[in-house]
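Trainee: pasting the sequence and the predicted coordinates here, then a few questions.
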Amino acid sequence: MHKLNLPEFPLRMIKQSGKICVFDIFRKQFVLLTPEEWVRQHFLWWLKEYKGYPPSLIAVEASLKYNRMLLRADAIIYDKTTKPLMIIECKSAEQKITQDVFDQVARYNFPYGVSYLAVTNGLDHYCCKMDKDANEWVFLREIPDYMQMLDEKQ
């Protein structure tokens with residue numbers, strides 16, 4: 001798999017039916033290791049280990065409905081009352097982060113109205129915060145710590 005702009009960590013991998021699977025510590029099961037899954041596992045682990053995001057408040061491949069379509073967000077981060085705070089979209093390292101990727105994660109946000117959106121391909125990481133006064137998304141210099149998001153929410 002592609003070297004990422006994230007710290008390495010010890011992934012638990014097995015081979016099932018001739019395919020490599022990785023243990024997802026958030027879903028607590030083995031899942032097929034795809035280039036996107038490689039990025040998702042590293043990014044979510046980084047959020048947990050370096051940014052203080054509680055694993056129990058991270059939903060991976062969270063289902064949501066929008067205009068009668070069933071969609072799946074790569075990850076949704078919740079606060080302690082299970083209110084969504086951030087939606088994350090992960091792409092493979094080979095895929096460039098384009099406006100289409102931001103449009104995709106913004107569509108996922110329609111049912112939730114979260115204040116933070118994050119997009120990563122494992123090499124480039126972007127996070128925006130909704131400026132409610134100006135009613136526009138503002139790009140942040142870095143992805144906030146979990147407690148920082150909670151503090152800013154209040």
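Mentor: Cool, got the structure.
Trainee: so Asp74 sits against Arg40, correct?
Mentor: Yes: using CB atoms under 8 Å, Asp74 is in contact with Arg40, at 5.7 Å. All C-beta atoms are positioned from the backbone trio N, CA, C, and that covers glycine.
Trainee: tell me where this structure has strands.
Mentor: For the chain, applying DSSP state E gives strands covering 13-16, 19-24, 29-32, 58-66, 69-78, 84-90, 116-120, 125-131, 136-139.
Trainee: still on that earlier bit, what do Asp74 and Arg40 both touch?
Mentor: Contact criterion CB atoms under 8 Å, 6 or more residues apart in numbering; residues shared by Asp74 and Arg40: Val60, Cys90.
Trainee: setting aside sequence neighbours, what's the nearest residue to the residue minimising distance to the centre of the chain?
Mentor: The structure's the chain has its C-alpha centroid closest to Ile88; by CA atoms, centre = their mean the separation is 2.9 Å. Spatially, and ignoring its direct neighbours in sequence, Ile88 is nearest to Ala75 (4.1 Å; CB to CB, 6 or more residues apart in numbering).
Trainee: next one: Glu89
Mentor: Once flanking residues are discounted, Glu89 sits nearest to Val105: 4.1 Å by CB to CB, 6+ apart.
Trainee: and what of Asp131?
Mentor: Using CB to CB, 6+ apart, the closest residue to Asp131 is Val138 (4.9 Å).
Trainee: quick check: the gap between that neighbour and Ile77.
Mentor: According to CB to CB, to the nearest Å, Val138 and Ile77 sit 18 Å apart.
Trainee: before we move on, what about Trp45?
Mentor: With the distance defined as CB to CB, Trp45 ends up 14 Å from Ile77.
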